[in-house]
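Trainee: quick one: sequence and predicted model below, then my questions.
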Amino acid sequence: MSSLSETKSVIEVDALFKQFDQVMAVNGISFKAERGQTTALLGGNGAGKTTTIAMLLGLLIPSSGRITILGEDLLLNRHRLLHRMNFSSPYVDLPQRLTVKENLTVYGHLYRLKNLKSRIAQISDELNLGELLNRRYGRLSAGQKTRVSLAKSLLNEPELLLLDEPTASLDPDTADSIRTYLEQYQQRTGASILLASHNMTEVERMAKQVIMMRKGEIVDSGTPDSLVAKYEKNSMEEVFIDIARNGEMSDTSNKDSR
Ligand SMILES: Nc1ncnc2c1ncn2[C@@H]1O[C@H](COP(=O)(O)OP(=O)(O)OP(=O)(O)O)[C@@H](O)[C@H]1O
């Protein structure tokens, strides 16, 4: 284990492809995400972010390519690795008929958590879920479901947290509290986060590194500040729009920003 913990990257993706029939959803991407940091995976609708995250979770088998997580090959060590990871996604619902507490209990058992009752009590307290615990998941509002999904994703105190639109459908106040909570969690545990988000304020606040995808390919990467400077824009919002609309980078943006 000691050699693994020395690996600087939490995720290493090499020449990753995923084809669905006629669609090349992920077209040969390679990237590294650093440990203990938040890396944002950005791109317009259909860019390939969710497909990439699904492959990082072992939910989709790549057409080809290599994924190394926490120093181990994901395809060879999936079961060992999944205990050290977790995810939250608005595209993956929890069982509708179970209450929030039952859902958290089921997932806690899947992760073989000890002291599950106190862990659920703790996370409910931290994410303000007390009033929702005995309500059926299927009857919750979209924002309430997002909070429960986040609680599920943090149950096992993952070393790597994959978050697909973690604050989608949250009101601004709740979204801000969740971002603060995630930042504190990261500081406390040293966890790494891969974040897919359309919210550029969130990205500028949380991400140390940004990977920009378009049509299944990585078109640029760097820190938010370096990308803003490189594209001669005022914000990541403007950088995002530029890349999403134009695809091709201007002459000034062909330098490697890292
Ligand atoms: N199961 C599937 N079968 C066929 N095509 C798929 C499948 N899943 C995704 N795709 C296609 O792959 C491409 C990438 O989709 P993906 O969901 O990864 O994009 P995304 O970047 O997450 O988009 P969004 O921001 O809209 O969520 C799209 O063209 C999509 O239509």
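Mentor: Cool, got the structure.
Trainee: confidence score at the residue of the stretch 51-200 of the chain found nearest the ligand?
Mentor: Nearest residue of the stretch 51-200 of the chain to the ligand (Cβ to the nearest ligand atom) works out as Thr51 at 3.3 Å. Heads up, the C-betas are built off the backbone N, CA and C, glycines and all. Note for Thr51: predicted pLDDT of 94.
Trainee: wait, it sits on Val26?
Mentor: Yes - counting by Cβ atoms under 8 Å, Thr51 touches Val26, with 5.2 Å between them.
Trainee: the more surrounded of the two?
Mentor: Val26 (28 against 21; other Cβ atoms under 10 Å).
Trainee: what's the distance between the residue lying closest to that one once chain neighbours are set aside and the ligand?
Mentor: Leaving aside its sequence neighbours, Val26 sits nearest to Lys18 (Cβ to Cβ, 6 or more residues apart in numbering; 4.2 Å). With the distance defined as Cβ to the nearest ligand atom, to the nearest Å, Lys18 ends up 8 Å from the ligand.
Trainee: ok but Lys18 is inside a strand, no?
Mentor: Yes - secondary structure of Lys18 (DSSP: H, G, I helix; E, B strand; the rest coil): part of a strand.
Trainee: burial count for it?
Mentor: Applying other Cβ under 10 Å, I find that Lys18 has 22 neighbouring residues.
Trainee: wait, isn't it in contact with Leu59?
Mentor: No - the criterion here is Cβ under 8 Å, and Lys18 misses it with Leu59 at 11.3 Å.
Trainee: which stretches of the stretch 51-200 of the chain form helices?
Mentor: Listed in chain order, the helices of the stretch 51-200 of the chain (DSSP state H, counting those that start in this stretch) span 78-82, 100-110, 116-126, 142-154, 172-189, 200-206.
Trainee: winner for burial among those helices?
Mentor: Among those, helix 142-154 has the highest mean neighbour count (mean count of other Cβ atoms under 10 Å), at a mean of 21.
Trainee: output the below-cut-off pLDDT ranges for this structure.
Mentor: Along the chain, the model assigns pLDDT under 70 to residues 1-7, 247-258.
Trainee: tell me which parts of it are close to the ligand?
Mentor: Residues of the chain found near the ligand (Cβ under 6 Å from any ligand atom) are Phe20, Val23, Ala25, Gly43, Asn45, Gly46, Ala47, Gly48, Lys49, Thr50, Thr51.
Trainee: rewinding a little: shared neighbours of Thr51 and Val26, anything?
Mentor: Common contacts of Thr51 and Val26 (Cβ atoms under 8 Å, 6 or more residues apart in numbering): Lys18.
Trainee: list the contacts for Leu140?
Mentor: Taking Cβ under 8 Å, 6+ apart, we find Leu140 in contact with Val100, Leu132, Val148.
Trainee: quick revisit: so among the residues of the chain next to the ligand, which ones count as buried?
Mentor: With neighbours counted using 16 or more other Cβ atoms under 10 Å, the residues of the chain next to the ligand contain these buried positions: Ala25, Gly43, Ala47, Gly48, Lys49, Thr50, Thr51.
Trainee: just these: which are in helices?
Mentor: Among those, the residues falling in helices (DSSP state H) are Lys49, Thr50, Thr51.
Trainee: give me the nearest residue to the last one, chain neighbours excluded.
Mentor: Spatially, and ignoring its direct neighbours in sequence, Thr51 is nearest to Ala25 (4.2 Å; Cβ to Cβ, 6+ apart).
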